[in-house]
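K.L.:
My questions are about this predicted structure, shown below with the sequence.
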Amino acid sequence: MNICVIGTGYVGLVSGVCFSDKGHYVTCVDIDKEKINNLKNEIIPIYEPGLKELLKKNKDEGRLQFTSNLSDGIAGAEVVLIAVGTPAREDGEADLQYIKAVARSIGENLTDYKVIVTKSTVPVGTGQMIKEIISNTAGHSHFDIASNPEFLREGSAIKDTFQMERAIFGVESERAERILKKLHEPFQTKIVVTNVETAEMTKYAANAFLATKISFINEVANLCEASGADVEKVAEGMGYDHRIGKAFLQAGIGYGGSCFPKDTQALLKIGEKAGYSLKIVPAVESVNKEQRLRLINKLRCAFGKEGLKGKRVAVLGLAFKPNTDDMRAAPSVDLIPLLEREGVEVICYDPVATSKAKEVIESLQSTSTLYGAVKDAEAILILTDWQEFKDMNLEQVKLELKRPIIIDGRNLFDPLKMRDIGFYYDSIGRSVVKIEE
């Protein structure tokens, strides 16, 4: 099939590349000419394992091309995928300015039947708005709208596409349903067909529920710390129950990224507009905001009466999660400035996100190696669970540190092992390991 993907951000680029790898002919469109020129030269704007190689393969084989001209992009396309950003406005509502602009552009260039599919995460009712804009601009209604929300995880987006657990089709006609089924045929996934509004709501509901699981286990972790229980074992015991499952029960410093923070806020706004006040989601957000701040309190406890002023602390991990350079709503963005305001000298290391981090944390000091960051530091603060951090030589790290203090926001290590090596080790939802006198 010939398809056009509008927007070469995370969703659009990954979707376009993966659809082309399944044999479809894909044209990716973006108004950013510099980005398009870079993509033509196989320079990608995001870090995603395997994406660059897959892009090159399908571009070389003639199934993937890039353009800044929308009329060229949609000419001959059977399906047009809208994958532009819907960032949160200051009031938390999704900003649909890019969606509206794309809808007008599609209407101005729509000469034959196409299925116009929204992959961007949008509030309920956006599909109908897109339909109205395109119809009014084009002067006809010879098209179908559809909603096909994405469920990709940054860092494993290619796997999530090729092994997608389900595809949600929000459609208004049998013709659109047939075309979307044909598009997804190579993925052999479970398909749920519904109306457009239900598909739009499904994405928000899924993300809000996952965010709820994260905040719930973090609340349990905080209670475990106060009562002497071990949240890792609590989560293991819970996870064997098939009604609960093991996923998203890893206690830590909360969620970040481009989806959960934005989508929980947007869902609250959807509720407000519908005249319904959500009760659980605000609590989820509150717990998440407070959770990351607990690491600073843990650091204060480690130094006791000495305080934090003048201390040198190594921060390991800047991105909101491993295998990405995405800094949106990353804990580091909040915590590093807070530490600096308390007089802490912060030195950071992240395997891939340092350059992106410097765009949002102006004062950032960084090193190019893990051991360069920990050398002569008086404590380590772990914010991201990169595999490199899990594999670090703890004995060598201890030798490099001025003091053997690790505050672990991702529960990377076994407390008993940390005790045997001789660390002061404070993690999430587990008892503090103190250095024996």
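P.N.:
Yep, that arrived. Computed from a predicted structure; not experimentally measured.
K.L.:
Which parts of the stretch 1-150 of the chain are helices?
P.N.:
In the stretch 1-150 of the chain, the segments counted as helices under DSSP state H, counting those that start in this stretch are 10-21, 33-40, 51-60, 70-74, 97-109, 126-138.
K.L.:
any chance of the ones you listed in CSV, plus mean neighbour count and distance to residue 343?
P.N.:
Using the backbone N, CA and C atoms, a C-beta is placed for each residue, glycine as well. Below are the helices of the stretch 1-150 of the chain laid out as CSV (neighbours: other C-beta atoms under 10 Å; distance: least, C-beta to C-beta, whole Å):
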stretch, mean neighbour count, distance to residue 343
helix 10-21, 25, 37
helix 33-40, 15, 40
helix 51-60, 17, 41
helix 70-74, 19, 52
helix 97-109, 19, 41
helix 126-138, 19, 47
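K.L.:
out of these, nearest to residue 434?
P.N.:
Minimum separation from residue 434 across the helices of the stretch 1-150 of the chain (C-beta to C-beta) falls at helix 10-21, 42.4 Å.
K.L.:
if we can go back for a sec, I'd like to know which of the helices of the stretch 1-150 of the chain is closest to residue 321.
P.N.:
Ranking the helices of the stretch 1-150 of the chain by proximity to residue 321 (C-beta to C-beta) places helix 10-21 first, at 12.9 Å.
K.L.:
could you dump that closest one to PDB, C-alpha only?
P.N.:
Output of helix 10-21 as PDB, limited to C-alpha atoms (Å, rounded to 0.1, in the frame of the first residue of the first chain):
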ATOM      1  CA  TYR A  10       8.800   9.900  17.500                       C
ATOM      2  CA  VAL A  11       5.400   8.400  16.500                       C
ATOM      3  CA  GLY A  12       5.600   9.400  12.900                       C
ATOM      4  CA  LEU A  13       9.100   8.400  12.100                       C
ATOM      5  CA  VAL A  14       9.000   5.000  13.900                       C
ATOM      6  CA  SER A  15       5.600   4.200  12.300                       C
ATOM      7  CA  GLY A  16       6.800   5.200   8.900                       C
ATOM      8  CA  VAL A  17      10.000   3.200   9.000                       C
ATOM      9  CA  CYS A  18       8.300   0.100  10.400                       C
ATOM     10  CA  PHE A  19       5.400   0.200   7.900                       C
ATOM     11  CA  SER A  20       7.900   0.500   5.100                       C
ATOM     12  CA  ASP A  21       9.800  -2.500   6.500                       C
END
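K.L.:
returning to what we had before: dump the helices of the stretch 1-150 of the chain to JSON lines, plus distance to residue 371 and mean pLDDT.
P.N.:
Supplementary listing: those in JSON lines, determined by distance: least, C-beta to C-beta, whole Å; pLDDT from 0 to 100:
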{"stretch": "helix 10-21", "distance to residue 371": "31", "mean pLDDT": "96"}
{"stretch": "helix 33-40", "distance to residue 371": "33", "mean pLDDT": "97"}
{"stretch": "helix 51-60", "distance to residue 371": "28", "mean pLDDT": "97"}
{"stretch": "helix 70-74", "distance to residue 371": "47", "mean pLDDT": "95"}
{"stretch": "helix 97-109", "distance to residue 371": "43", "mean pLDDT": "97"}
{"stretch": "helix 126-138", "distance to residue 371": "49", "mean pLDDT": "97"}
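K.L.:
Indicate which one of those helices is closest to residue 324.
P.N.:
helix 10-21 (8.9 Å).
K.L.:
thinking again about what came up before, so which of the helices of the stretch 1-150 of the chain is nearest residue 315?
P.N.:
helix 10-21 (24.6 Å).
K.L.:
From the contact counts, what lies against the closest one?
P.N.:
On a contact count with 3 or more C-beta pairs under 8 Å, 6 or more residues apart in numbering; DSSP states H and E, helix 10-21 meets strand 2-6, strand 25-29, helix 51-60, strand 64-67, strand 79-82, helix 157-162.
K.L.:
try it again with 7 Å
P.N.:
strand 2-6, strand 25-29, helix 51-60, strand 64-67, helix 157-162 (3 or more C-beta pairs under 7 Å, 6 or more residues apart in numbering; DSSP states H and E).
K.L.:
Mind checking those for the one nearest to residue 141?
P.N.:
strand 2-6 (19.3 Å).
K.L.:
Contacts for the closest one, please.
P.N.:
12, 15-16, 19, 24-29, 70, 73-74, 76-84, 102, 183 (C-beta atoms under 7 Å, 6 or more residues apart in numbering).
K.L.:
What segments of the stretch 151-300 of the chain are helices?
P.N.:
Under DSSP H, counting those that start in this stretch, the stretch 151-300 of the chain gives helices at 157-162, 174-184, 196-227, 231-239, 260-274, 280-303.
K.L.:
can the helices of the stretch 1-150 of the chain go into CSV with extra columns for distance to residue 146?
P.N.:
CSV is the format used below for these (distance: least, C-beta to C-beta, whole Å):
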stretch, distance to residue 146
helix 10-21, 14
helix 33-40, 26
helix 51-60, 24
helix 70-74, 15
helix 97-109, 13
helix 126-138, 8
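K.L.:
Identify whichever of those lies nearest to residue 392.
P.N.:
Closest to residue 392 of these, according to C-beta to C-beta: helix 51-60, at 26.5 Å.
K.L.:
Now name the helix or strand holding the closest residue to residue 257 other than its chain neighbours.
P.N.:
Counting by C-beta to C-beta, 6 or more residues apart in numbering, residue 320 is the residue found nearest to residue 257 once chain neighbours are left out, at 4.6 Å. Counting by DSSP states H and E, no helix or strand carries residue 320.
K.L.:
residues contacting residue 320?
P.N.:
Shown in contact with residue 320 (C-beta under 7 Å, 6+ apart): 256-257, 326-330.
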